[in-house]
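> Just to be clear, the model below is a prediction. Sequence and coordinates:
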Amino acid sequence: MDLSVNQRLGYACINNTLAETKDIIINRGMIKKTFNEKGIDYASELALLNVKDLIRVIEWNENIGIHFYRMSSSMFPWSSHYDLKDLKDYDEIVNCLITVKEIADRSYQRLTFHPGPYNILASDKKYVVRNAIKDLNQHSEIFDIMGYEPSHWNKINIHIGATYGDKPSAIDRFCENFLLLDESTKKRLVVENDDKPTMFSVKDLYEVYERIGTPITFDVHHHKYCHSGLTHKEAALMAASTWKDAPPCFHFSSTINHEQPDKIARAHADYIYEEINDYGTGAWIMVEAKSKEESILYYINEGVMPSEYDEPLYDILVS
DNA sequence: CCAGGTCAAGGGAGT
DNA sequence: ACTCCCTTGACCTGG
């Protein structure tokens, strides 16, 4: 199936339309105190409600014609404290997840994950790495349950996440600890460029790719703040070249300065203020705008959101 | 029912 | 030392 760029736009986790009109949400959770009081059975009940609503979200995507969606990492609250198989509603949850894949397949939707910033495979602390491995494997397990063959079609996207002031050593640890992941997780993991100059650019990540084969998600917005001298096009082409078994993924967002000039430029805007360019790579574009699916629909139907600021303030930071 | 305070996790950065 | 930021704002309590 050949999709245009606009058909390859996706949104992350929350569907504002469904959340506001029908209370359909896929990230019910609880604080630690409640988990201690109510335990795994309550976690199971929330997870079941979440995956049931996930079906509704995927159906909505199908009806609207959106083909790209990031599932929430909060579908299974406190999952690092139990095995998914131990949930009392496991069988029903499995059936829901299988249904999700059926709908996704028939409408050609690509589903992905972006686990939280606590997944630091490059950490020098054993327990941190151990926790990350469990969390990442559980994300992969969900794709396995759904019935997906392991590939980067269902990317599990993380950052390297730490340098400790020594990038080469951090890359070494990342590559070593990568080998400890489940086989299916290894086949789905991808790395994303950071938004701080001291962290990992696309160029830095290319070394990781050369060593362990993890494709690079090119975050267009982050690149403005951590570019290693590459232009956007150069970085996009370099990142896209690392995807062998599935089309590349990019992340796209506009600076919040289009809406609030006094805020930190790195922050994301509600809507899309620039033309989205895949540089001919065929990349699927995850739009990280706070207005979620609404921002995509506006872009598709109306085009770029007009801004009263011709020159976004981030240009000052890049120079 | 609502506003406001609080909330697992790792690390970086600004104060 | 403290606070905020990031995956993703939502949970919980006191009024």
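Noted; the coordinates are in hand. Residues are numbered from 1 along each chain as shown, chains lettered A, B, ... in the order given.
> can you tell me the helix or strand for residue A:172?
If you go by DSSP states H and E, residue A:172 is part of helix A:167-178.
> mind listing the helices for the stretch 101-250 of chain A?
Counting by DSSP state H, counting those that start in this stretch, the stretch 101-250 of chain A has helices at residues A:126-146, A:167-178, A:183-186, A:202-212, A:220-223, A:232-240.
> Need the ones you listed in CSV (columns: distance to DNA strand C).
Where C-beta positions appear, they are placed from N, C-alpha and C, glycine not excepted. Listed next are these as CSV, based on distance: least, CB to the nearest atom of the strand, whole Å:
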stretch, distance to DNA strand C
helix A:126-146, 10
helix A:167-178, 16
helix A:183-186, 17
helix A:202-212, 15
helix A:220-223, 8
helix A:232-240, 16
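> do you know which of the ones you listed lies nearest DNA strand B?
For the helices of the stretch 101-250 of chain A, the distance to DNA strand B is smallest for helix A:126-146, at 4.5 Å, taking CB to the nearest atom of the strand.
> need the residues of the stretch 1-150 of chain A near DNA strand C, please.
By the rule CB under 7 Å from any atom of the strand, the part of the stretch 1-150 of chain A lying against DNA strand C is A:12-14, A:19, A:25, A:27-31, A:33-34, A:70, A:72-74, A:114-117.
> Tabulate the helices of the stretch 101-250 of chain A (JSON lines), appending distance to DNA strand B and mean pLDDT.
JSON lines is the format used below for the helices of the stretch 101-250 of chain A (distance: least, CB to the nearest atom of the strand, whole Å; pLDDT from 0 to 100):
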{"stretch": "helix A:126-146", "distance to DNA strand B": "5", "mean pLDDT": "96"}
{"stretch": "helix A:167-178", "distance to DNA strand B": "7", "mean pLDDT": "96"}
{"stretch": "helix A:183-186", "distance to DNA strand B": "16", "mean pLDDT": "97"}
{"stretch": "helix A:202-212", "distance to DNA strand B": "13", "mean pLDDT": "97"}
{"stretch": "helix A:220-223", "distance to DNA strand B": "13", "mean pLDDT": "93"}
{"stretch": "helix A:232-240", "distance to DNA strand B": "19", "mean pLDDT": "96"}
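> which residues touch stretch A:172-192?
A:121-124, A:129, A:132-133, A:136-137, A:139-141, A:143-144, A:150-152, A:154-160, A:200, A:205, A:208-209, A:211-212, A:214-219, A:222, A:245, A:249, A:251 (CB atoms under 8 Å, 6 or more residues apart in numbering).
> try 7 Å this time
Contacts to stretch A:172-192, defined as CB atoms under 7 Å, 6 or more residues apart in numbering, come from residues A:121-122, A:124, A:129, A:133, A:136-137, A:140, A:143-144, A:150-152, A:154-160, A:205, A:208, A:211-212, A:214-217, A:219, A:251.
> what's the most buried one of the helices of the stretch 101-250 of chain A?
Across the helices of the stretch 101-250 of chain A, averaging neighbours per residue (mean count of other CB atoms under 10 Å) puts helix A:220-223 on top, at a mean of 24.
> Using CSV, write out every CA atom in that one.
Presented in CSV, the C-alpha positions along helix A:220-223 are these (Å, rounded to 0.1, in the frame of the first residue of the first chain):
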residue,chain,number,x,y,z
VAL,A,220,13.0,17.0,13.4
HIS,A,221,12.4,19.4,16.2
HIS,A,222,15.2,17.9,18.5
HIS,A,223,17.7,18.2,15.7
